[in-house]
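J.: Following is a predicted model, sequence given first.
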Amino acid sequence: MDRSNPSKIKAVILDYGEVLCYAPTAEEMGRMAAPFGMAPLPFRQLWDRDRLRYDRGDFSPEEYWSALAKSAGAQLTPEQFAQLRQWDLEMWSHDNPTMVEWLRHIHSSGIKTALLSNMPHDMVRHVRQTFAWLDQFDHQTFSAEVGLVKPDPAIYEHSLRGVGVAASEALFVDDKERNVQGAQAVGIRAIQFRSVEQFADDLKKVGFSILPNTSRSNSAVLPVSRLV
């Protein structure tokens, strides 16, 4: 018996945004909102409106940002479009060292690991170029590459096939309630991530004893208020 894993979880499937990385700061969102002549929170709502379609690969970057500009009544230069694309990558690039360290512990324990993220092609390329710790995943599922987004049941099933386990043998972690519910609907145990401390407590409740280090500060980057 694996004493570190009495819950019989054979694979851990992790979201990226606001789990392995911090949320954008209010300042970063404000920087992006400025060319549109909008305040940060209304801009975040506009940013979110077609984001799942962008994540699924329905829109090119040019189409996505042009649609935002049209909705906001903004006239943007090609240079501003390029800058917005870069800022969008940067504001989702503050990795959470506590969760990355936990990922390494999970991987080294022999439990399979998978990344399951709603992410557009721009960001997929960026994270692969930026974060060497992606090699800690046995399988990676990015929405833009498979043409599916959470909480579509098919994207969870794709991830399960990638790590070769049954739904009942997997644990899924995501910051969004709708994605957690989507995982549960296909039979995966799931935890909604709100903080490292809460996450550690919830892991204990499911009998999983490899815990993140809650003594490390988890507030290096202060997130803008979540709107979804």
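T.: Great, that's in hand. Numbering: from 1, shown residues only.

J.: only C-alpha atoms for contact and neighbour calcs from this point on.
T.: Will do.

J.: if I look at the residue nearest to residue 124 when sequence neighbours are not counted, how far off is residue 72?
T.: Take residue 124 and drop its neighbours on the chain: the residue closest to it by Cα to Cα, 6 or more residues apart in numbering is residue 142, 7.2 Å away. For residue 142, the distance to residue 72 (Cα to Cα, to the nearest Å) stands at 29 Å.

J.: cool, residue 202 as well?
T.: 41 Å.

J.: on that earlier part again, is it correct that the residue nearest to residue 124 is in contact with residue 117?
T.: Yes: with contact defined as Cα atoms under 8 Å, residue 142 and residue 117 form a contacting pair (5.2 Å).

J.: residues of stretch 191-201 that come out buried?
T.: Neighbour counts over stretch 191-201 (16 or more other Cα atoms under 10 Å) mark 191, 192, 193, 196, 199, 200 as buried.

J.: Now, these that are in strands?
T.: Among those, the members found in strands (DSSP state E) are 191, 192.

J.: Please dump the buried residues of stretch 191-201 into TSV; it should also carry distance to residue 31 and pLDDT for every row.
T.: TSV is the format used below for the buried residues of stretch 191-201 (distance: Cα to Cα, whole Å; pLDDT from 0 to 100):
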residue	distance to residue 31	pLDDT
191	32	98
192	29	98
193	27	98
196	28	97
199	31	98
200	34	98
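
J.: can you give me the helices for this protein?
T.: 26-33, 40-49, 51-56, 61-72, 78-90, 97-108, 121-130, 143-146, 153-163, 177-185, 196-205 (DSSP state H).

J.: now residue 30, nearest residue through space, not along the chain?
T.: residue 40 (4.7 Å).

J.: neighbours of that neighbour, just the number please.
T.: Residue neighbour count, defined by other Cα atoms under 10 Å, stands at 20 for residue 40.

J.: Look at it and report its pLDDT.
T.: For residue 40, the model assigns a pLDDT of 93.

J.: From residue 180, how far off is residue 166?
T.: Counting by Cα to Cα, the gap from residue 166 to residue 180 is 17 Å.

J.: actually residue 18, not the one I typed
T.: 14 Å.
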